[in-house]
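Asks: Requesting a structural model of the entry that follows:
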Amino acid sequence: NSTAKKITFDEPRLAKYVSIKFTEINAPALTSFVSVAVLNLYENPTVSEIPLAEVSYDISKKTNKDVVAELVNENREITVTNNGGKKTYTFTKNGEFTFEFVDKNGKKGSATAKVDWIDKTPPKLDVKFSTTDITNEEVVATLTFDKENVTVISDASISEDPVDGSKTLTFSRNDSIKLEFQDELGNVGKKTITVDWIDTEAPTAEFEFSTTNITDKEVVATLVPSEEVTILNNDGKDTYTFTKNGSFTFEFVDRAGNVSTATAEVNWIAPLPQYTVKYSTEELTKEDVKIELQLENGYQIFNNNAS
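Replies: Residues are numbered from 1 along each chain as shown. Here you go, the predicted structure:
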């Protein structure tokens with residue numbers, strides 16, 4: 001008939017092969033062969049020559065926590081001979097550990113626990129800037145993490161590209177921003193991003209003059225800028241020579257591209273008057289000598305009581 005047949009041995013037996021002999025066939029027409037659809041053999045682990053045990057883990061998926069391995073499903077009573085006699089071992093990082101044990105008859109066995117799903121490493125951040133040269137424009141920092149599924153948990157204005165998922169941070173002024181970010185397991189990484197090469201202030205300048213006293217000679221004005229600049233006019237020279245009173249405007253730009261001007265003005269160039277000097281005597285004398293200065297019209301003496 002079609003009923004499943006079950007054969008139970010009187011006692012466990014250690015065997016490599018199992019031979020089944022059919023002594024009777026219920027269907028007389030089938031005399032030349034026998035068909036077996038399903039044959040189930042069950043091992044009784046208690047007859048093993050050595051003690052056996054399996055390893056169970058309290059966490060079996062990716063984690064940033066410690067993982068505890070424990071011996072379970074022992075085929076007989078065992079005593080652990082290493083690990084301080086404990087049947088549990090705590091993995092603080094990925095690795096292997098072999099439990100060694102004996103049964104009551106002194107037969108030795110072992111079971112190896114292996115863990116490769118602990119990740120306690122914080123994610124790392126790499127930053128690339130749109131420019132590292134001094135500039136008067138915004139600087140964009142592109143953020144790249146060494147792991148997938150990293151989330152920025154700091155209160156920062158992070159932009160994310162909807163197409164490729166890239167993350168950027170835009171600096172409109174010099175600043176240092178502390179970022180904290182964590183991976184999917186909760187490991188937290190930290191990094192400070194600093195930009196200190198944005199310059200949006202126009203340069204200023206002062207002047208040094210070859211003389212600031214009244215003179216009938218040329219006066220040279222030298223531009224003294226507040227920072228390194230490039231002069232856009234005056235053939236790029238930082239000096240201008242005044243041959244007469246007047247003004248001149250320098251145009252210049254700093255390294256960041258900020259343009260500015262500064263005007264030099266001179267009003268102390270004047271021709272010297274014609275004059276003659278007369279002496280009361282030009283002979284050797286024991287008397288006082290009187291000197292008379294005669295100026296051309298339009299000039300007067302401002303010292304010596306105007307005389």
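
Asks: so what pLDDT did Ile291 get?
Replies: We have a pLDDT of 87 for Ile291.

Asks: contacting residues around the worst-scoring helix or strand of the chain on mean pLDDT?
Replies: Sorting the helices and strands of the chain by mean pLDDT, DSSP states H and E puts strand 291-295 at the bottom, at a mean of 82. Strand 291-295 is contacted by residues 273-280, 301 when judged by Cβ atoms under 8 Å, 6 or more residues apart in numbering. For the C-beta atoms, the positions are set from N, CA and C on the backbone; glycine is no exception.

Asks: can you do 7 Å?
Replies: For strand 291-295, contacts defined as Cβ atoms under 7 Å, 6 or more residues apart in numbering pick out 273, 275-279, 301.

Asks: for stretch 105-122, same thing?
Replies: 50-55, 61-64, 67, 69, 71, 78, 89, 91, 93-102, 185, 187-189.

Asks: What is the neighbour count of Gly189?
Replies: Residues contacting Gly189 under the criterion other Cβ atoms under 10 Å number 20.

Asks: quick one: the closest residue to it other than its chain neighbours from Lys191, how far?
Replies: Of all residues not flanking Gly189 in the chain, Pro122 sits nearest, at 3.8 Å (Cβ to Cβ, 6 or more residues apart in numbering). Between Pro122 and Lys191 the computed distance is 10 Å (Cβ to Cβ, to the nearest Å).

Asks: who has more neighbours, the two?
Replies: Just comparing Pro122 and Lys191: by other Cβ under 10 Å the higher neighbour count belongs to Pro122, 20 against 17.

Asks: Am I right that that one sits in a strand?
Replies: No - counting by DSSP: H, G, I helix; E, B strand; the rest coil, Pro122 is not found in a strand; it is coil.

Asks: Mind putting the contacts of strand 291-295 into CSV with secondary structure and neighbour count?
Replies: Output for the contacts of strand 291-295, formatted as CSV (DSSP: H, G, I helix; E, B strand; the rest coil; neighbours: other Cβ atoms under 10 Å):
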residue, secondary structure, neighbour count
Pro273, coil, 12
Tyr275, strand, 11
Thr276, strand, 9
Val277, strand, 8
Lys278, strand, 10
Tyr279, strand, 10
Ile301, coil, 11
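
Asks: Which residues are in contact with Ala53?
Replies: So Ala53 contacts 71-74, 78, 101, 109, 111 (Cβ under 7 Å, 6+ apart).

Asks: For it, what are phi and psi?
Replies: Main-chain torsions, Ala53, degrees, to the nearest 10: phi -160, psi 150.

Asks: What separation do you get for it and Thr200?
Replies: Ala53 is 71 Å from Thr200, where distance means Cβ to Cβ.

Asks: swap in Lys286?
Replies: As judged by Cβ to Cβ, Lys286 and Thr200 stand 77 Å apart.

Asks: So between those two, which is more surrounded?
Replies: Neighbour count, other Cβ under 10 Å: between Lys286 and Thr200, Thr200 has more, with 13 against 4.

Asks: So for the closest residue to the more buried one other than its chain neighbours, what's the pLDDT?
Replies: Closest residue to Thr200 apart from its sequence neighbours, by Cβ to Cβ, 6+ apart: Asn136 at 4.9 Å. Turning to Asn136, the model gives it a pLDDT of 96.

Asks: No further questions, thank you.
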